[in-house]
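K.L.:
Sequence and predicted model, in that order:
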Amino acid sequence: MNLLESPWIPIQQAGRFRHITFEELLTIEADAALALPRDDMESAALQLLIGLAQAAFTPEDREAYRRRLREPMTVAEYRQGIAPFLDWFDLAHPATPFMQSRGVEAKEPTPIQKLFIGLPEGNNHALFNDVGEVGGVCPSCAAIALFNQATACPSFGGGFKGALRGAAPVTTLVAGRTLREMVWLNLLIAETIATHYPNPAAENRPTWVAPLAAKATYHAHEIGLVRGLFWQPARLELGAPGEGGHCDACHAETPSLYRSFNKEKFVYDLEGQWLHPHSPRQWELKKGNVEKLRYLSFTTSAPAWTQLNQYLINGDTHAQALVVQQCPELLPDRPIHLIVAGYRNKQASVTLRRHELFSIPLGWKDPDNLGHLVRVLEFALAVRKLLRNKLYGFGKQAGAVTQDGSEQQFDKRSEPLVHGLFTEMARRERKAALADFREEVKRLARGLFEQATEPYTHSPKGLATYTFFRNGFEKELKALAAT
């Protein structure tokens with residue numbers, strides 16, 4: 001299966017599931033959407049499509065970028081563009097198979113399910129139900145899983161290097177009206193590339209075409225954009241495909257199924273941090289110097305909106321993804337629809353996955369609007385923290401643990417409030433929408449405080465404890481509202 005020629009892209013169109021080619025996607029205007037049972041696999045498929053287009057069809061300038069958005073390319077343009085890269089993206093190429101190394105040695109093959117983050121061979125059931133749930137997959141799902149494991153997931157464990165962005169990076173992309181449009185919206189133009197990847201001598205072939213050497217040292221500035229987008233840190237090789245059937249990942253009928261792969265330990269050193277265009281970064285400042293530069297990740301159970309300012313703006317200690325930064329510069333009259341995706345991990349295991357869409361109103365980058373937006377999100381975060389602290393103090397005195405469940409409820413019920421805020425900001429006077437959001441957040445926090453403490457107010461001691469913490473809660477909530 002060649003990703004540039006074969007039908008491998010899983011879509012839902014007119015109520016029917018099918019696989020289409022990359023050529024069909026880019027040369028025919030079609031109302032198609034990625035269709036896989038797992039949102040993280042859909043996110044990986046989208047990033048893979050963006051990487052393919054970036055390799056073969058980087059827009060030269062703003063006008064070329066806009067033209068690609070407006071109209072599909074011709075078949076002749078497509079075939080001319082992919083011609084130099086056909087050997088790079090063939091899943092079963094005899095010498096340079098996509099995201100793999102030939103001749104990988106292993107004592108025994110690894111079940112294919114290990115490629116699908118969430119349930120390795122062990123007993124981590126974060127994203128699957130049964131140990132043998134994924135026993136065989138079609139070439140399409142194998143390619144997507146290979147890419148996802150290499151670029152957005154924790155490593156295979158000790159002796160295996162991890163992805164360029166770290167164990168579980170947050171990915172932020174710009175959503176479009178169609179899948180074709182979404183691909184073009186997230187390509188860097190040549191001018192942006194020249195600014196942020198200025199080394200003309202950087203190696204730009206994927207690692208399976210220009211392999212890494214064991215125990216060698218590489219520098220981030222030596223990695224070109226395409227090489228970085230398709231960086232494969234591990235040595236692995238799919239086993240020979242067997243008899244076909246239904247794919248356990250996408251459930252499509254397929255003439256052959258991959259059931260295992262080989263992997264072997266492989267280490268090298270990488271100095272510096274490569275700039276990935278699809279992820280926000282953060283760092284610490286000490287005496288004016290940047291320290292601990294890293295990609296943003298989900299380190300807590302807090303919802304995705306709690307880091308929204310880091311997805312949307314550049315600050316003293318954080319920077320948005322390049323594709324999110326570039327889009328409003330090239331399309332200033334277009335509202336931003338932001339896709340946020342990623343995992344929360346604990347070492348090599350994943351405990352949570354996220355995939356959300358935020359619709360940011362037109363004009364959000366206006367300094368006045370941006371300041372109001374950041375402050376109101378900071379207010380919601382401060383209320384969340386206040387609720388947890390007061391319930392923690394109440395629980396210690398009342399002999400109960402009340403803060404965890406209430407915090408989870410706050411997270412769950414605040415998400416639609418944030419999404420609703422953006423909708424209202426696009427429809428009516430924004431300051432009024434922001435004021436209403438503050439009131440809704442306060443109402444939510446008060447209700448959760450009362451719900452958590454009410455069972456303990458039926459004794460004199462419990463009532464006294466409730467009164468003390470309720471008064472403190474209201475006082476600090478009022479102070480927050482005044483900021």
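P.N.:
Good, I have the coordinates. Numbering: from 1, shown residues only.

K.L.:
biggest helix in this protein, by residue count?
P.N.:
helix 367-398 (DSSP state H).

K.L.:
mind checking how far that helix is from the chain centre?
P.N.:
The chain centre lies 25 Å from the centre of helix 367-398; the measure is Cα atoms, centre = their mean, to the nearest Å.

K.L.:
Return the list of helices and strands in contact with that helix.
P.N.:
If you count contacts as 3 or more Cβ pairs under 8 Å, 6 or more residues apart in numbering; DSSP states H and E, helix 367-398 packs onto helix 308-312, helix 403-427, helix 430-453, helix 460-481. No exception for glycine: its C-beta is placed from N, CA and C like everyone else's.

K.L.:
just how off-centre is the second one within its chain?
P.N.:
Taking the mean C-alpha point of helix 403-427 and that of its whole chain, the gap between them comes to 20 Å (Cα atoms, centre = their mean).

K.L.:
nearest residue to Ala249 other than its sequence neighbours?
P.N.:
Once flanking residues are discounted, Ala249 sits nearest to Cys141: 4.0 Å by Cβ to Cβ, 6 or more residues apart in numbering.

K.L.:
Flag the shaky bits of the stretch 101-250 of the chain, pLDDT-wise.
P.N.:
Scanning the stretch 101-250 of the chain for pLDDT under 70 picks out the ranges 119-132.

K.L.:
residue boundaries of the strands in it?
P.N.:
For the stretch 101-250 of the chain, the strands defined by DSSP state E, counting those that start in this stretch occupy 110-111, 171-174, 217-219, 235-238, 242-246.

K.L.:
most packed of these?
P.N.:
strand 171-174 (a mean of 25; mean count of other Cβ atoms under 10 Å).

K.L.:
Return the set of buried residues in the helix or strand hosting Asp40.
P.N.:
If you go by DSSP states H and E, Asp40 is part of helix 39-57. Of all the residues in helix 39-57, those buried under the rule 16 or more other Cβ atoms under 10 Å are 40-57.

K.L.:
How about Trp283, nearest residue that isn't a chain neighbour?
P.N.:
Leu293 is the one closest to Trp283 (Cβ to Cβ, 6+ apart), at 4.3 Å.

K.L.:
in the helix or strand hosting the one you found, what's buried?
P.N.:
Here Leu293 sits within strand 289-295, counting by DSSP H and E. By neighbour count with 16+ other Cβ under 10 Å, strand 289-295 contains the buried residues Tyr295.

K.L.:
And the contacts of that strand?
P.N.:
Strand 289-295 has contacts (Cβ atoms under 8 Å, 6 or more residues apart in numbering) with 165-166, 169-170, 273, 276, 279-285.

K.L.:
What strands line up against that strand, and which way round?
P.N.:
Take DSSP bridges as the rule and strand 289-295 pairs in its sheet with strand 281-286 (antiparallel).

K.L.:
Nearest residue to Gln100 in space, please, no chain neighbours.
P.N.:
That would be Glu237: by Cβ to Cβ, 6+ apart, it lies 4.9 Å from Gln100.

K.L.:
Now do the one you found against Ala92, distance only.
P.N.:
11 Å (Cβ to Cβ, to the nearest Å).

K.L.:
Quick one: mean pLDDT for stretch 395-406?
P.N.:
Averaging pLDDT along stretch 395-406 yields 79.

K.L.:
can you give me the end-to-end distance of it?
P.N.:
Distance across stretch 395-406, first residue to last, is 12 Å (Cα to Cα, to the nearest Å).

K.L.:
rewinding a little: and the strand holding Leu293, average pLDDT?
P.N.:
Here the average pLDDT along strand 289-295 is 85.

K.L.:
hang on, isn't Trp231 packed against Ala163?
P.N.:
Yes. With contact defined as Cβ atoms under 8 Å, Trp231 reaches Ala163; the gap is 7.1 Å.

K.L.:
intersection of neighbour lists for those two?
P.N.:
Residues touching both Trp231 and Ala163 (Cβ under 8 Å, 6+ apart): 150-151.

K.L.:
can you count the residues close to Lys385?
P.N.:
Using other Cβ atoms under 10 Å, Lys385 has 12 other residues around it.

K.L.:
nope, Gln408 is what I meant
P.N.:
So Gln408, with other Cβ under 10 Å, has 12 neighbours.

K.L.:
Alpha carbons of stretch 157-169, in PDB - could you do that?
P.N.:
Extracted in PDB, the C-alpha atoms of stretch 157-169 (Å, rounded to 0.1, in the frame of the first residue of the first chain):
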ATOM      1  CA  GLY A 157       9.700   1.700  27.300                       C
ATOM      2  CA  GLY A 158      13.300   1.300  28.500                       C
ATOM      3  CA  GLY A 159      15.800   1.200  25.700                       C
ATOM      4  CA  PHE A 160      13.500   2.900  23.200                       C
ATOM      5  CA  LYS A 161      13.700   6.500  22.300                       C
ATOM      6  CA  GLY A 162      10.500   8.600  22.400                       C
ATOM      7  CA  ALA A 163       8.900  11.100  20.000                       C
ATOM      8  CA  LEU A 164      10.500  14.400  19.100                       C
ATOM      9  CA  ARG A 165       7.800  16.200  21.100                       C
ATOM     10  CA  GLY A 166       8.000  14.100  24.200                       C
ATOM     11  CA  ALA A 167       5.800  11.400  25.600                       C
ATOM     12  CA  ALA A 168       2.300  12.900  25.100                       C
ATOM     13  CA  PRO A 169       2.300  16.300  23.400                       C
END
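
K.L.:
Distance of the residue nearest to Trp283 relative to Pro84?
P.N.:
34 Å.

K.L.:
Please apply the same query to Tyr268.
P.N.:
In terms of Cβ to Cβ, Tyr268 sits 27 Å off from Pro84.

K.L.:
More neighbours: which of the two?
P.N.:
Tyr268 (13 against 10).

K.L.:
Buried residues, the longest helix of the chain. List them.
P.N.:
In helix 367-398, counting by 16+ other Cβ under 10 Å, buried: 369, 372-373, 376-377, 379-384, 386-388, 390-395, 398.
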